[in-house]
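J.: Next comes the sequence, and after it the predicted model I'd like to discuss.
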Amino acid sequence: MRCSIKYNWPLLVLNSQSMSVLGSVVHWFRLDLRVHDNLALRNAINEAENRKNFLRPIYIIEPDILKQIRGNRLRFLIQSLHDLDANLRKLNTRLYIVRGKTSECLPELLKKWNVKYLTLQVDIDPFYIKQDEVIENFCDKNDIFVVKRVQHTVYNPQTVLKKNNGNVPLTYQKFLSLVNDIQVKECIEIKKEISEDCKSSDFNSKSYDVPSLTEIELDESSDFKYPGGESEGLKRLLTYMAKKQWVCSFEKPNTSPNSIEPSTTVLSPYISHGCLSARLFYHKLKQVESEMRHSEPPVSLLGQLMWREFYYTAGTGTENFDRMVGNSLCTQIPWGNNKDHLKAWSEGKTGYPFVDAIMRQLTQEGWIHHLARHMVACFLTRGDLWVSWEEGAKVFEDLLLDYDWSLNAGNWMWLSASAFFYKYFRVYSPVAFGKKTDKDGLYIKKYVPELKKFPSEYIYEPWKAPQSVQRAAGCIIGENYPKRIVDHDKVHKENMKKMSEAYKINKEKKALKRPRSD
DNA sequence: GGACCGGTTGTCAGA
DNA sequence: CTCTGACAACCGGTC
């Protein structure tokens, strides 16, 4: 179990000055790329100042990550690191970028720097859990005190699970009832400049600088829609919180998935990277809501934040949460394995313009509206292509700026009707759904420019356009834009039957597992 | 055990 | 333009 450890050593234990000068305190940044509301960072600063130790806030860039994540997310990360460095410098410290494999270079540095105290944020992604175990073992053996803080969510998922007798709350309402009476603590502030004594001799070394975008072969010149960083995140938060009427009347299902400019806040990339504290968002929302009548969860803005908490709780309390097999929450469904369909979907070449527009916006900008995610996730899985939600989740992991381990797996299970949501007969139509908020298909015309000149009448179903219309629009279906890869009307009904079968088997299995009461 | 309720966000036809 | 029911009938939580 990962919980924060309280630090109680009396300060008098270490009183030799020569000893304390040699020691270092490290705060290890991962998914908490901010100075505000960062308790682990403040713990590190206090410890360094009290003991006159060197303070080294670090971030580790793994060589693999440059290959693993695509341009948009990598760019967001690098921008966030630049901003973090700048914000740390305002406090008279800096960010030390370390390059290498964490399991190798971190123990080496902890020794080299004579680190006595390491602080970090608890993260629940199995990747981090595994990595942390290695590092914590090393620290244990080398008398390095480790302080871990839960600060990526408003509530501590472990606390919520405990309140539910160790069980994962399976409905949103149940989750809300569990957190209803939990008091949310105020945010942490770090304002005071850090003492000169905490600067090590290598403070000005360029070798620890944040790499430039050009250095890692990313375009620096373009104007980016969602620049990374704490400063951007805070600015965005304050801009939206100032629109009090908008905040209080927000209802998610009434926002548009296909407006040209986002109809929601796009705070998610900042929260997922920890550029913005979820708790700060919570308190700001509470403050605005206290002033007037407002919408309520699940549809309100606060409700959106609670969805994140809901999935974090489920992800924390479930083995193999990001997989179907071995995942107790997930209905076992015999998904197919059509690689061509998966490829067409991920590249925005399904022949369904609305689906393709969404996938292309995702590739280009790294963000799509939540309901747009519904559309394409349903289409890939239970709606049309019958491809496993795990495949879709991998593509989202690659492309989304706001990629988050527990939210990604949780939402994919929701949309594929594998967990949390079960009304599999509610299928999104790739033709009808987008029309509700964008009758003329302006969104499609922006992201699928081949179809720019198509008349609105055919923009959602270009295969229906007569040859003469296709020629006039300069786009022949099957040549300049793909023919649709499946017939939605036909295939979604077949898939519903398959879902029904899978549910039936699932039910029988569950009945077998249930202990008999005689 | 069983009945009932409610679930952020479906679609289509018809009133 | 908004509302309704049919479609076919899911699940978890509660009493």
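T.: Now that the structure is in, tell me what you want to look at.
J.: going forward, measure contacts between C-alpha atoms and count neighbours the same way
T.: Noted.
J.: So which bits of the helix or strand where residue A:503 lies are buried?
T.: Here residue A:503, judged by DSSP states H and E, is contained in helix A:488-513. With burial defined by 16 or more other CA atoms under 10 Å, the residues of helix A:488-513 counted as buried are A:488, A:492, A:493, A:495, A:496, A:498, A:499, A:502, A:503.
J.: same thing with stretch A:209-221?
T.: So stretch A:209-221, judged by 16+ other CA under 10 Å, has buried residues A:209, A:210, A:213.
J.: ditto for stretch A:361-381
T.: A:361-363, A:365-369, A:371-381.
J.: can you check stretch A:140-149 too?
T.: Buried residues in stretch A:140-149 (16+ other CA under 10 Å): A:144, A:145, A:146, A:147, A:148, A:149.
J.: excluding its backbone neighbours, what's nearest the residue minimising distance to the centre of chain A?
T.: By CA atoms, centre = their mean, chain A has its centre lying nearest to residue A:404, at 2.5 Å. Counting by CA to CA, 6 or more residues apart in numbering, residue A:272 is the residue found nearest to residue A:404 once chain neighbours are left out, at 6.0 Å.
J.: residues near that neighbour, how many?
T.: 21 (other CA atoms under 10 Å).
J.: For the residue nearest to the centre of chain A, report the pLDDT, please.
T.: Note for residue A:404: predicted pLDDT of 97.
J.: Angles on the backbone of it, please.
T.: Main-chain dihedrals, residue A:404, degrees, to the nearest 10: phi -150, psi 130.
J.: returning to that earlier point: and which of the buried residues of helix A:488-513 is nearest DNA strand B?
T.: residue A:488 (9.5 Å; CA to the nearest atom of the strand).
J.: before we move on, back to that, from the buried residues of stretch A:140-149, which is closest to DNA strand B?
T.: The closest of these, once distances to DNA strand B are taken by CA to the nearest atom of the strand, is residue A:149, at 27.0 Å.
J.: just checking, that closest one touches residue A:40?
T.: Yes. Assessed by CA atoms under 8 Å, residue A:149 is found in contact with residue A:40 at 5.8 Å.
J.: Quickly list what's touching both of the two.
T.: Residues touching both residue A:149 and residue A:40 by CA atoms under 8 Å, 6 or more residues apart in numbering: A:119, A:120, A:121.
J.: Type out the ChimeraX command that picks the buried ones from these.
T.: Filtering the shared contacts of residue A:149 and residue A:40 down to the buried ones (16+ other CA under 10 Å) takes a single ChimeraX command:
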select /A:119,120,121
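J.: show me the contacts for residue A:172.
T.: Counted by CA under 8 Å, 6+ apart, residue A:172 has contacts A:298, A:307, A:310.
J.: Got the phi and psi for it?
T.: phi -60, psi -40.
J.: With residue A:302 instead?
T.: According to degrees, to the nearest 10, residue A:302 has phi -60, psi -40.
J.: Count the neighbours of it for me.
T.: Neighbour count for residue A:302, taken as other CA under 10 Å: 22.
J.: One more: the one 3 residues further on?
T.: Residues near residue A:305, counting by other CA under 10 Å, number 21.
J.: pretty sure it is in contact with residue A:283, am I right?
T.: No. If you go by CA under 8 Å, residue A:305 and residue A:283 don't touch, sitting 11.3 Å apart.
J.: Find me whatever residue is spatially closest to residue A:285, sequence neighbours aside.
T.: Nearest to residue A:285 is residue A:302, by CA to CA, 6+ apart, at 6.5 Å.
J.: Which of the shared contacts of residue A:149 and residue A:40 sits closest to DNA strand B?
T.: Distances from DNA strand B to those, taken by CA to the nearest atom of the strand, are shortest for residue A:121, at 25.9 Å.
J.: Tell me how far the closest one lies from residue A:99.
T.: Note on residue A:121: its distance to residue A:99, by CA to CA, to the nearest Å, is 20 Å.
J.: So if we follow the domain assignment, how does chain A break up?
T.: Under automatic domain parsing, the residue ranges defining each domain of chain A are A:1-151, A:153-186+A:231-317, A:339-499.
J.: Just the terminal-to-terminal distance for the last one.
T.: Translated: domain A:339-499. First-to-last distance for domain A:339-499 - CA to CA - comes to 21 Å.
J.: how about it, does it reach DNA strand C?
T.: Yes. With CA under 7 Å from any atom of the strand as the measure, domain A:339-499 is seen reaching DNA strand C through A:420, A:421, A:422, A:423, A:424.
J.: Surely the fourth one is within a strand?
T.: If I follow you right, that is residue A:423. No. Counting by DSSP: H, G, I helix; E, B strand; the rest coil, residue A:423 is not part of a strand but coil.
J.: Residue A:413 versus that one, what's the distance?
T.: Applying CA to CA, the value for residue A:423 to residue A:413 is 13 Å.
J.: Kindly report the residues of the stretch 51-200 of chain A close to DNA strand C.
T.: A:169, A:170, A:171, A:174.
J.: now the strands for chain A?
T.: Listed in chain order, the strands of chain A (DSSP state E) span A:24-29, A:54-61, A:96-99, A:115-121, A:145-149.
J.: Identify, out of these, the most deeply packed stretch.
T.: Across those, averaging neighbours per residue (mean count of other CA atoms under 10 Å) puts strand A:24-29 on top, at a mean of 26.
J.: What pairs with that strand, parallel or antiparallel?
T.: strand A:54-61 (parallel), strand A:115-121 (parallel) (DSSP bridges).
J.: Between the two ends of stretch A:180-191, what distance do you get?
T.: Start-to-end, stretch A:180-191 (CA to CA) is 32 Å.
J.: try stretch A:432-451
T.: 18 Å.
J.: what mean pLDDT does it have?
T.: The model assigns stretch A:432-451 a mean pLDDT of 97.
J.: Briefly note if that stretch comes near DNA strand B.
T.: Yes. Stretch A:432-451 lies within reach of DNA strand B by CA under 7 Å from any atom of the strand, at A:432, A:433.
J.: how close does the residue of the stretch 1-150 of chain A found nearest DNA strand C sit to DNA strand B?
T.: With CA to the nearest atom of the strand, the shortest gap between the stretch 1-150 of chain A and DNA strand C falls at residue A:124, namely 21.6 Å. To DNA strand B, residue A:124 is 21 Å away according to CA to the nearest atom of the strand, to the nearest Å.
J.: from memory that residue sits against residue A:318, does it?
T.: No. Contact criterion CA under 8 Å: residue A:124 and residue A:318 do not qualify, at 11.0 Å.
J.: Mind checking which of those two has more residues around it?
T.: residue A:124 (20 against 15).
J.: who touches residue A:29 in this structure?
T.: Contacts of residue A:29 by CA under 8 Å, 6+ apart are A:57, A:58, A:59, A:60, A:120, A:121.
J.: now those residues as a markdown table including pLDDT and distance to DNA strand B?
T.: What follows is the contacts of residue A:29, written out as a markdown table (pLDDT from 0 to 100; distance: CA to the nearest atom of the strand, whole Å):
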| residue | pLDDT | distance to DNA strand B |
| --- | --- | --- |
| A:57 | 98 | 35 |
| A:58 | 98 | 34 |
| A:59 | 98 | 32 |
| A:60 | 97 | 33 |
| A:120 | 98 | 30 |
| A:121 | 97 | 26 |
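J.: Out of those, which two sit at the greatest distance?
T.: A:60 and A:121 (14.1 Å; CA to CA).
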